[in-house]
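Student: Can you look at this prediction? I've put the sequence above it.
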Amino acid sequence: MERDPDRPVPEQAMLARFMPMHLLLDREGRVLGAGPTLRRMLQRPDLAGARFEDLFEVRAPGGAVTADQVLARAGHRFRLVARNGVRAGLRGMGERLPDGRMLMNLSFGIDLIAAVRELGLTDADFVATDLAMELLYLAEANAAVTRELRGLNLRLEGARLAAEEEALTDPLTGLRNRRAADLVLARLCAARMPFGLLHLDLDYFKSVNDTLGHAAGDHVLEVVGRILRAELRVEDCAARIGGDEFLVLVVKRVDLQVLRGIADRIIQRISAPIPVAGKVAQVSASIGIVRSSDLAAPDPVRLMALADRALYAAKRAGRGRSIRLRSAAD
């Protein structure tokens, strides 16, 4: 198409400098020129002469297809998406020039970040007065700070959970400690959940410390911890609540035969000789058994008192055995 030499034509170099996303169309909506950034997005070597509707899908105004319809319906504002699959929407303003040609100036709007990443755009692809890259840098800095804060929060949460776990764990045996046992017992009572309680104390443990030393005593306690973990389920709770004193909470099991079976297996395993640095430590265990159903209204203090009485009844009966008091009055 020949140009009328008397018709003023905006210099392409000037348009490219000040409007790197411009699109210049003839009266029929065919491309006369385009800014370098828009060319980079459209990625078409035969851009000149291409029809507007073949390059873009109009998202707003609704019903518009051609460039002429866009300008007629949009009040000079519109939204487009390129048909070549680039995942970045375009916003624009347009004006019909006095000679009938159409000039559109486009931008990426909120899709700037996606466009920059997909097309590899830099400062050179935007006009010097455009704040797009500054906003992008700000968004990326904000994202980086957000990621760092999220990572910090995860680390702090991990540290908090680790500290809580440490605060509830006996460092020698790896079992729960007295504080954890009290919390679990209180929770079970409050929930009215049935459970069995085994109060365990080692027999002859003092003689191990006196004859073999405290290191041997610590080893015995570690072995007892492993035995208790092996005999219980994940939902149960085994805790070291004193020097050689342990508490076992067996959740949802109140059948006396089941509880006695657990207690007897624990006693049998603890009574086996424990090798310690070429010598042998020999201990046994006495266990008092209580069930949550032994009290009309389960209460941690009363249950522990009842279990304590049952434990010392087992010791008085000869040690190395388990006893369950028939009632709170026994």
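Tutor: Looks like it came in fine. Residues are numbered from 1 along each chain as shown.
Student: And the strands in the stretch 101-250 of the chain?
Tutor: Remark: strands assigned in the stretch 101-250 of the chain by DSSP state E, counting those that start in this stretch are 102-107, 195-203, 237-240, 245-251.
Student: Would you reformat those as a markdown table and include distance to residue 148, mean pLDDT and mean neighbour count?
Tutor: Quick note: C-beta positions are derived from backbone N, CA and C, even for glycine. Converted to a markdown table, the strands of the stretch 101-250 of the chain look like this (distance: least, Cβ to Cβ, whole Å; pLDDT from 0 to 100; neighbours: other Cβ atoms under 10 Å):
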| stretch | distance to residue 148 | mean pLDDT | mean neighbour count |
| --- | --- | --- | --- |
| strand 102-107 | 30 | 90 | 21 |
| strand 195-203 | 45 | 96 | 24 |
| strand 237-240 | 38 | 94 | 26 |
| strand 245-251 | 42 | 96 | 23 |
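Student: Quick one, which of the ones you listed gets closest to residue 183.
Tutor: strand 237-240 (9.5 Å; Cβ to Cβ).
Student: now that closest one, how far from the centre of its chain.
Tutor: 29 Å (Cα atoms, centre = their mean, to the nearest Å).
Student: Surely residue 86 is in a strand?
Tutor: No. Counting by DSSP: H, G, I helix; E, B strand; the rest coil, residue 86 is located in no strand; its state is coil.
Student: Pull out the buried residues from stretch 61-76.
Tutor: Buried positions in stretch 61-76, judged by neighbour count with 16 or more other Cβ atoms under 10 Å: 61, 64, 66-71, 74.
Student: Now do the domain split for this protein, please.
Tutor: Domains of the chain are assigned by automatic domain parsing as 12-130, 178-324.
Student: Let's have these in CSV, adding distance to residue 160.
Tutor: Formatted as CSV, the domains of the chain follow (distance: least, Cβ to Cβ, whole Å):
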stretch, distance to residue 160
domain 12-130, 34
domain 178-324, 16
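Student: The host helix or strand of residue 303 to strand 245-251, inter-axis angle?
Tutor: Using DSSP states H and E, residue 303 falls within helix 300-316. Our comparison of helix 300-316 with strand 245-251, counting by axes from the mean of the first three to the mean of the last three Cα atoms, to 10 degrees, yields an angle of 120 degrees.
Student: gap between helix 300-316 and the chain center?
Tutor: 43 Å.
Student: sorry, back to before: out of the strands of the stretch 101-250 of the chain, which is closest to residue 170?
Tutor: strand 237-240 (4.3 Å).
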